[in-house]
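Participant: task: produce atomic coordinates for the following.
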Amino acid sequence: MAKAEKKEGFLETIKTVVWALLIAGVFRTLFFQPFWIPSGSMKDTLLIGDFLFVNKMAYGYSRHSCPFSMCPFSGRILGSEPARGDVIVFRHPVNGTDFIKRLIGLPGDTVQMRDGALYLNGEPVPREEVDPFVEDKAPQGPQRLTPRCANDPVGLGGDCIKERFAEALPGADKPYSTLNIGRSSTDTTPVYTVPEGQYFFMGDNRDNSRDSRVPRSIGGVGFVPYENLIGRADRVIFSSAGSRMLFFWTWRLDRFFEEIV
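Facilitator: Residues are numbered from 1 along each chain as shown. As a prediction, this is how the structure comes out:
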């Protein structure tokens with residue numbers, strides 16, 4: 001009798017674990033997707049080692065948002081329209097890699113960079129220089145990436161400084177930060193007209209981002225189709241400056257649950 005009860009209890013435990021895993025899998029598939037920030041292209045909004053959940057319901061579901069067997073359609077359903085200024089995870093139109101950038105241009109918009117300043121529909125986007133962004137010149141994250149600095153050359157352990165601006169897109173709720181390292185090939189661009197059903201993205205770390213300013217033919221993102229959008233990033237859940245998450249002494253406690261602007 002005791003053996004039968006023990007076996008039944010064990011089977012119930014297994015069933016509970018299986019159901020928990022299934023529910024977690026469905027929750028991840030349909031509602032939220034975890035995402036680690038691997039590079040510095042979105043500094044200082046997002047830092048290397050930030051961990052967040054992407055809201056996959058923000059723009060509805062597409063073939064990139066859930067398994068093909070569960071979502072056998074080619075478009076997107078049940079979603080609202082993306083807004084300028086949203087920080088969005090999307091699939092690269094060519095290689096399928098997950099990217100995270102800020103939405104700058106909507107279908108029909110014209111976008112251009114002139115000497116490092118953003119122009120939208122022919123008008124300069126208001127921006128104001130604020131206190132510079134300062135970080136250690138040291139390897140960051142699992143890939144041990146060393147940041148570029150406006151004040152280079154800087155020795156390891158020194159202050160790595162970048163110019164910082166508060167930029168405000170038309171219709172956006174709040175201004176956000178952009179960084180400037182120096183002159184780059186993407187500081188001045190042609191006028192891009194965003195096609196119907198596609199979007200124009202840029203990284204906040206403007207001189208360290210291969211985004212819609214860079215053609216796909218040379219490794220950039222180009223325009224991103226609506227169906228490639230995975231979801232909106234709303235809040236940093238956890239953040240670690242070290243090469244491994246378990247190195248608790250590298251945790252950035254001040255970034256836990258921070259709203260993404």
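Participant: okay, now the unreliable bits of the chain?
Facilitator: 1-31, 61-79 (pLDDT under 70).
Participant: what are the boundaries of the helices in it?
Facilitator: Per DSSP state H, the chain carries helices over the ranges 2-30.
Participant: what distance do you get for the residue sitting nearest the centre point of it to Gly182?
Facilitator: Centroid-nearest residue in the chain: Ile100, 2.5 Å away (criterion: CA atoms, centre = their mean). From Ile100 across to Gly182, the span is 24 Å (CB to CB, to the nearest Å). In this view, the C-beta of every residue, glycine as well, is placed from N, C-alpha and C.
Participant: with Ile237 instead?
Facilitator: With CB to CB as the criterion, Ile237 and Gly182 are 33 Å apart.
Participant: again, but for Glu196
Facilitator: Counting by CB to CB - Glu196 and Gly182 are separated by 36 Å.
Participant: neighbour count: those two, which is higher?
Facilitator: Ranked by neighbour count (other CB atoms under 10 Å), Glu196 and Gly182 place Gly182 first, with 14 against 7.
Participant: got the contact list for that one?
Facilitator: By CB atoms under 8 Å, 6 or more residues apart in numbering, the contact set of Gly182 is Ala150, Asp207.
Participant: I figured Glu163 hits Val134, correct?
Facilitator: No: with contact defined as CB atoms under 8 Å, Glu163 does not reach Val134; the gap is 11.0 Å.
Participant: who has more neighbours, the two?
Facilitator: Glu163 (19 against 13).
Participant: so what's the more buried one up against?
Facilitator: With CB under 8 Å, 6+ apart, Glu163 has these contacts: Glu129, Pro132, Phe133, Ala150, Leu179, Asn180, Ile181.
Participant: separate out the buried members of those.
Facilitator: Neighbour counting by 16 or more other CB atoms under 10 Å classes Phe133, Ala150, Leu179, Asn180, Ile181 among these as buried.
Participant: which one of the residues you listed is nearest to Leu118?
Facilitator: For the buried ones among the contacts of Glu163, the minimum distance to Leu118 (CB to CB) is 11.6 Å, reached by Asn180.
Participant: beta partners for the closest one?
Facilitator: Going by DSSP bridges, Asn180 is paired in beta bridges with Glu163.
Participant: distance of it from Thr146?
Facilitator: Counting by CB to CB, the gap between Asn180 and Thr146 amounts to 18 Å.
Participant: equivalent analysis for Met57, please.
Facilitator: In terms of CB to CB, Met57 sits 37 Å off from Thr146.
Participant: then Asp136?
Facilitator: Asp136 is 10 Å from Thr146, by CB to CB.
Participant: so Gly155 touches Lys137, yeah?
Facilitator: Yes: judged on CB under 8 Å, Gly155 makes contact with Lys137 at a distance of 6.8 Å.
Participant: more crowded one of these two?
Facilitator: Lys137 (20 against 6).
Participant: contacting residues for that one?
Facilitator: Taking CB under 8 Å, 6+ apart, one finds Thr146, Pro147, Cys149, Val154, Gly155, Leu156, Gly157, Gly158, Asp159, Cys160 in contact with Lys137.
Participant: if we go to 7 Å?
Facilitator: Thr146, Pro147, Cys149, Val154, Gly155, Leu156, Gly157, Gly158, Cys160 (CB atoms under 7 Å, 6 or more residues apart in numbering).
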